Every structure is written in structure tokens, then in C-alpha cells.
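1. Here you go, sequence then predicted model.
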Amino acid sequence: YDGKCVFCRIARREEPGTALLPSQYEDLVCFRDIRPSAPHHYLVVPVEHMGNCKTLRAEHVPLVKRMMEVGKAVLQKNNCSDVNDVRMGFHWPPFCSISHLHLHVLAPASQLGFLSRLVYRLNSYWFIT
């Protein structure tokens, strides 16, 4: 836990302005992005403080898979059923604004604006899916 990290505080329910969405895993939280780039833009975050995606190793593959499951479940709960129009990924350092691992879940990806298409560009130098 890092008291200076906003995602740690959100995960511990210390940020009353951020509503947590249902997650099937106790070690993950999900909430809406404060600057949404798509009609549905959520962040899936581990409760335990972790560095950015650059710190991920092979042993973290199950964690990332669970993060994607949470993202898909939230989209389904919000009637986003076109799995081909979803974008999930991580910003690659130094392009991440918060140094706590967080998966962006965006849908429908076809409705991303011009700038958002650049910011969340598939497998770009700054955003990996």
C-alpha cells in the first residue's frame, strides 16, 4: 500500500468520490476512468500496489488474465456484447500517468475520438494490448 498512490486509495475505498464496480476477484477493483475516451471506459486495478506494466513477469500472466475477465464482465453487465469492438491494454512507461498497474477497458472502440485513437492505438510504442 502506498498512501500517496490514488489507485491504492481507491482500492482501499479511501476515495469516496470513486464508485467501485462489481469484481469477481477480491484482489482486483474496477471503476470508471475519470476522463473517459469511450462510452465505456473502465480501469481494472490490483488492490496490492504494483508497478506499471513494465514490471510484469511470466508469473503475472494469471493476474493479467483475471484483470481481463473483470473488464469483460463489467462490459457484459453494461450490455457491451460486441467483443470485436473492445480495446484493452496498458500504457507503456513513460506514457502512464499513474505508476500503479491498471488495465484500460474501452468500448465500443469504434467510437474512440481522433486523439483517443492515437492514445489507445493498438500495440503502439505507448499502448500495449
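-> All right, it came through fine. Numbering: from 1, shown residues only.

2. list the helices and strands the longest strand belonging to the chain packs on?
-> In the chain, taking DSSP state E as the definition, the longest strand is strand 40-46. Judged by 3 or more C-beta pairs under 8 Å, 6 or more residues apart in numbering; DSSP states H and E, strand 40-46 is in contact with helix 6-11, strand 28-32, helix 61-77, strand 103-107. All C-beta spots, glycine's among them, are computed from the backbone N, C-alpha and C.

3. Columns mean neighbour count, distance to residue 39 and mean pLDDT on top of the ones you listed, output as JSON lines?
-> Listed next are the helices and strands packed on strand 40-46 as JSON lines, based on neighbours: other C-beta atoms under 10 Å; distance: least, C-beta to C-beta, whole Å; pLDDT from 0 to 100:
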{"stretch": "helix 6-11", "mean neighbour count": "20", "distance to residue 39": "22", "mean pLDDT": "95"}
{"stretch": "strand 28-32", "mean neighbour count": "20", "distance to residue 39": "11", "mean pLDDT": "98"}
{"stretch": "helix 61-77", "mean neighbour count": "16", "distance to residue 39": "11", "mean pLDDT": "97"}
{"stretch": "strand 103-107", "mean neighbour count": "24", "distance to residue 39": "7", "mean pLDDT": "97"}
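
4. Distance to residue 127 for the ones you listed - can I get that in CSV?
-> Rendered in CSV, the data for the helices and strands packed on strand 40-46 read as follows (distance: least, C-beta to C-beta, whole Å):
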stretch, distance to residue 127
helix 6-11, 18
strand 28-32, 19
helix 61-77, 15
strand 103-107, 8
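
5. follow-up on the earlier one: relative to the longest strand of the chain, what are the paired strands and their orientations?
-> Strand 40-46 has the following sheet partners, assigned by DSSP bridges: strand 28-32 (antiparallel), strand 103-107 (antiparallel).

6. Any chance of a markdown table for these, columns distance to residue 48?
-> Listed next are the strands paired with strand 40-46 as a markdown table, based on distance: least, C-beta to C-beta, whole Å:
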| stretch | distance to residue 48 |
| --- | --- |
| strand 28-32 | 10 |
| strand 103-107 | 15 |
